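J.: Structure for this input, please:
(one chain, ligands or ions: 2)
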Amino acid sequence: MKIQDAYLIVTSPGRNFVTLKIVTESGIHGIGDATLNGREMAVVAYLEEHVIPALIGRDASRIEDIWHYLYRGAYWRRGPVTMSAISAVDVALWDIKAKAAGMPLYQLLGGKSRERVMTYAHCTGKDIDACLEEVDKHVKLGYRAVRVQAGVPGIPTIYGVAKREGERYEPADSAIPAEHVWSTEKYLNHVPKLFAAVRERFGDDLHVLHDVHHRLTPIEAARLGKEVEPYHLFWLEDCVPAENQESFRLIRQHTTTPLAVGEVFNSIHDYRELLENQWIDYIRTPLSHGGGITHVRRIADLAALYHVRTGFHGPTDLSPVCLGAAIHFDTWVPNFGIQEHMPHEEITEQVFHHDYRFEDGHFLVGETPGHGVDIDEELAKKYPYKRASLPVNRLEDGTLWHW
Ligand SMILES: O=C(O)[C@H](O)[C@@H](O)[C@H](O)[C@H](O)CO
Ligand SMILES: [Mg+2]
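T.: Numbers count the residues shown, from 1 in each chain. Ligands and ions are numbered 1, 2, ... in the order given. Okay, the predicted model is just below:
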């Protein structure tokens, strides 16, 4: 099954997506998501200049060998651009292998470990009351788990909170990075009130999640985790920047609030100390940034040794190709926890058709051979790429901060 052709489709139906298509001599094709939000064209150049020419003529069935060829062969290991490129190739090759076998991808991975995949929704509001209304809407849609983010008095815009009611928040919303202002003090004094309000109105059964987006120091994260223990969060996400894995030792010593990390990680090595020391509870790296199925399943296996479960990243900046493959992975992986779900816009869904379904707060995997997602290339041409940048964050005195 030789690779005959490989090319990229860059399109912006609602937001930018980069898709790699690999075509084999036998006529079977597969696709992988190569989108790296705000840095899309860096992955395009990496694939077009350095990866695609070396793929032509290779045997598409040798997924493992191609993974190591691209990873070890580059010499320059890891990093989001390299790993997004490798991920796209890997997922496209698994799509091809499953199609050639006539099986949905989850069967090739080892079959179903569960009937359905629990997801969490994003609920954001300019203040606590507006956020509670969003929770109410999502509970009525059947969600069992919600991520809550509310505006903080005294902070004009806050990343992760939609600008207008009923809208989704959009991280990459301007050609040049927007500048936000941040105050840790105001945030820390306010945010526990949000969880108290959610529990009071919706009771104990709803799973409640929250994303800190890397903005605290370890001791501040420890304080937050401790203060919100009475509200039994499902997880507190990215409470500190995690380049220094050791930071989690301190947080863990102070709190039993479960911790999720890893949407910006791209390698098993980013997780080693966190897992071996049992400092975290959920791994977040999506298939499109963590080296595809071949590498992320190794991370999930290592995590399983320490009772750590998966909770894959799933915002709109990962394409339906990534989400579709993730739903197969989630259906199979023994140590599944939850799947993030931020619904794509209708025009995105027109360009990327898929056979996964959402029902009653869960995803149901499809039975089409492969990962069940394909792209309408003609329609994709109607939505040209538009440069879009993620924001930056400054403290009130102007110091550049984590966002
Ligand atoms: O938990 C999440 O869903 C995330 O934090 C996203 O909102 C990211 O910030 C975004 O994917 C960056 O591109
Ligand atoms: Mg996050």
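J.: What segments of the chain are helices?
T.: 40-45, 52-55, 63-73, 80-101, 105-109, 128-140, 184-202, 218-227, 247-254, 272-276, 292-305, 320-332, 346-351, 377-380 (DSSP state H).
J.: ok, and for the fourth one, which residues are buried?
T.: Of the residues in helix 80-101, those buried under the neighbour-count criterion (16 or more other CB atoms under 10 Å) are 80-100. From N, CA and C alone the C-beta is placed, and that goes for glycine too.
J.: That one packs against which elements?
T.: Helix 80-101 sits against strand 17-24, strand 29-33, helix 40-45, helix 63-73, helix 105-109, helix 292-305, helix 320-332, with contacts defined as 3 or more CB pairs under 8 Å, 6 or more residues apart in numbering; DSSP states H and E.
J.: Columns mean pLDDT on top of those, output as TSV?
T.: Formatted as TSV, those follow (pLDDT from 0 to 100):
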stretch	mean pLDDT
strand 17-24	98
strand 29-33	98
helix 40-45	98
helix 63-73	98
helix 105-109	98
helix 292-305	98
helix 320-332	98
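J.: closest one to ligand 2 among these?
T.: Evaluated over the helices and strands packed on helix 80-101, closeness to ligand 2 peaks at helix 320-332, with 14.9 Å, by CB to the ion.
J.: What mean pLDDT does stretch 208-224 get?
T.: Taken as a whole, stretch 208-224 carries a mean pLDDT of 98.
J.: same deal with stretch 117-133?
T.: On average, stretch 117-133 scores 97.
J.: That one near ligand 2 anywhere?
T.: No: judged by CB under 5 Å from the ion, stretch 117-133 and ligand 2 are separated, with a smallest distance of 10.1 Å.
J.: Now that stretch: buried residues?
T.: Of the residues in stretch 117-133, 117-126, 128, 130-132 count as buried by neighbour count, 16+ other CB under 10 Å.
J.: Any idea how far apart the tips of it sit?
T.: 25 Å (CA to CA, to the nearest Å).
J.: That one vs ligand 1: in contact?
T.: No: remark: stretch 117-133 sits outside contact range of ligand 1, by CB under 6 Å from any ligand atom, the gap being at least 7.4 Å.
J.: The residue in the chain that ligand 2 sits nearest to: neighbour count?
T.: Ranked by CB to the ion, the top residue of the chain for proximity to ligand 2 is residue 211, at 4.2 Å. Neighbours of residue 211 under the rule other CB atoms under 10 Å: 21.
J.: does residue 359 really touch residue 141, like I thought?
T.: No: between residue 359 and residue 141 there is no contact under CB atoms under 8 Å: 10.3 Å.
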